[in-house]
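[1] Fold the following, please.
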Amino acid sequence: MKKTLQGMLFGLTLTSFTVPATLYAQTGNELIDTRFPELSRYLNASEVLQAAVFDEIVASNNSNDSMIGKVLLRESLLELSEAEDSHYHTASDHLAMLGPFRVFESRATPGLQAMIRREYSAEETASVLEANGSIPPIAVAVLKRGRDFGNKLLEIYLDDTLYDKHSAVGAALEEYLSNDALSVPDSPKSSDLLSEHDYAYAFRVGFPQLSGLTWASQWLQLATLEIAMNSENERELEASINNVTALYEEKIAPAHGGLMSLPTDIPTMPVIAPNLYGFHPGAAYVLDNIAALKVVIGDILVHPDVMDRTASIENMVQRFTIKDDELDDETDYLLFVLRGGIFNQGGPALGGMDESERNRSRAASNLQHISNYPMR
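    Residues are numbered from 1 along each chain as shown. Model prediction:
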């Protein structure tokens with residue numbers, strides 16, 4: 001698996017990747033696999049995509065052709081750090097889809113898009129992060145446990161025979177937290193872990209298309225959870241799943257040669273799955289913490305000045321798994337994740353969005369000003 005995956009990414013020849021003989025999408029979750037095979041395929045491919053993106057970053061860093069990109073990245077990060085209004089969840093010029101490593105991205109992106117549409121077995125997905133060798137074992141274990149927890153939540157809400165879903169989520173969360181070393185807390189980790197660490201923004205600024213592809217998969221997971229929780233009957237659930245799958249496909253590979261509409265910000269529970277966040281905040285914090293950890297790992301892999309990437313990743317994993325330190329309260333967390341708006345995080349689970357809701361005029365939003373004072 002390691003050789004085929006690395007060969008695929010370094011040479012970008014996807015034909016060398018061995019497709020499983022059984023053409024069944026396998027998340028390991030029978031309910032998802034059986035009822036929604038296309039969705040299952042995309043959710044399963046997201047884990048392979050994450051590993052592929054990590055490998056592509058490592059390949060570009062090791063390339064002799066990346067020197068100009070590294071210089072441009074350092075300049076962009078310096079400019080960003082000096083901006084007075086800099087904030088992780090804020091739209092800015094550095095979100096342009098042409099990043100400093102644009103040559104690498106333009107070569108890699110079509111292959112990654114094709115890879116997302118392939119079929120992978122549960123065994124391949126379970127071992128793909130470990131097999132590619134880009135991140136240390138402790139990080140692999142923490143990310144895998146987080147993925148399994150997300151799948152468990154979806155299984156709970158798709159199980160028609162399970163009446164008390166609230167208690168089931170509580171039990172799943174308790175089981176997840178039972179392994180202290182491999183779990184992130186059910187409280188929001190400090191935003192500084194994401195936006196103030198030594199290599200912050202490197203993934204987002206260095207590889208806007210690759211980060212956008214991983215965030216599109218994150219959006220799909222959260223949107224699916226929100227739909228599964230709120231659908232009142234089978235017909236509504238099926239229609240909503242078909243709709244969210246179509247929205248995801250439009251993000252990663254739009255029809256008729258259009259431009260990709262990838263998220264430019266990390267999708268978060270309060271934005272994409274507000275109802276699930278309201279009912280199960282602890283579970284929501286776990287998934288958001290895992291998503292932030294993936295970005296931090298990406299930052300460390302991308303930044304050209306990291307002396308020991310393995311040690312740096314292990315240190316950040318340890319900080320993310322500590323349960324009683326570097327935490328935000330709910331209000332600070334909400335202010336942080338809501339600042340970028342809905343559009344940048346991929347848009348709502350249903351309906352989609354064609355343009356950002358940020359900085360829109362009252363006229364464009366069909367709002368009228370209502371004075372607090374009576375007319376005279």
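[2] Just the C-alphas of whichever helix or strand Trp215 is part of, formatted as PDB.
    Per DSSP states H and E: Trp215 is located in helix 208-230. Extracted C-alpha coordinates of helix 208-230, given in PDB (Å, rounded to 0.1, in the frame of the first residue of the first chain):
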ATOM      1  CA  PRO A 208      -5.200  26.400  -0.900                       C
ATOM      2  CA  GLN A 209      -6.500  23.800  -3.300                       C
ATOM      3  CA  LEU A 210      -5.300  20.800  -1.300                       C
ATOM      4  CA  SER A 211      -6.500  22.200   2.000                       C
ATOM      5  CA  GLY A 212      -9.800  23.000   0.300                       C
ATOM      6  CA  LEU A 213     -10.200  19.500  -0.900                       C
ATOM      7  CA  THR A 214      -9.700  18.100   2.600                       C
ATOM      8  CA  TRP A 215     -12.200  20.700   4.000                       C
ATOM      9  CA  ALA A 216     -14.800  19.700   1.400                       C
ATOM     10  CA  SER A 217     -14.600  16.200   2.800                       C
ATOM     11  CA  GLN A 218     -14.900  17.600   6.300                       C
ATOM     12  CA  TRP A 219     -18.000  19.600   5.100                       C
ATOM     13  CA  LEU A 220     -19.500  16.400   3.800                       C
ATOM     14  CA  GLN A 221     -19.200  14.600   7.100                       C
ATOM     15  CA  LEU A 222     -20.700  17.400   9.100                       C
ATOM     16  CA  ALA A 223     -23.500  18.000   6.600                       C
ATOM     17  CA  THR A 224     -24.400  14.300   6.600                       C
ATOM     18  CA  LEU A 225     -24.500  14.200  10.400                       C
ATOM     19  CA  GLU A 226     -26.900  17.300  10.400                       C
ATOM     20  CA  ILE A 227     -29.100  15.700   7.800                       C
ATOM     21  CA  ALA A 228     -29.200  12.300   9.500                       C
ATOM     22  CA  MET A 229     -30.200  14.000  12.700                       C
ATOM     23  CA  ASN A 230     -33.000  16.200  11.300                       C
END
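[3] after it comes which helix or strand?
    Note on helix 208-230: by DSSP H and E, the next helix or strand toward the C-terminus is helix 234-252.
[4] What mean pLDDT does that next one get?
    Averaging pLDDT along helix 234-252 yields 90.
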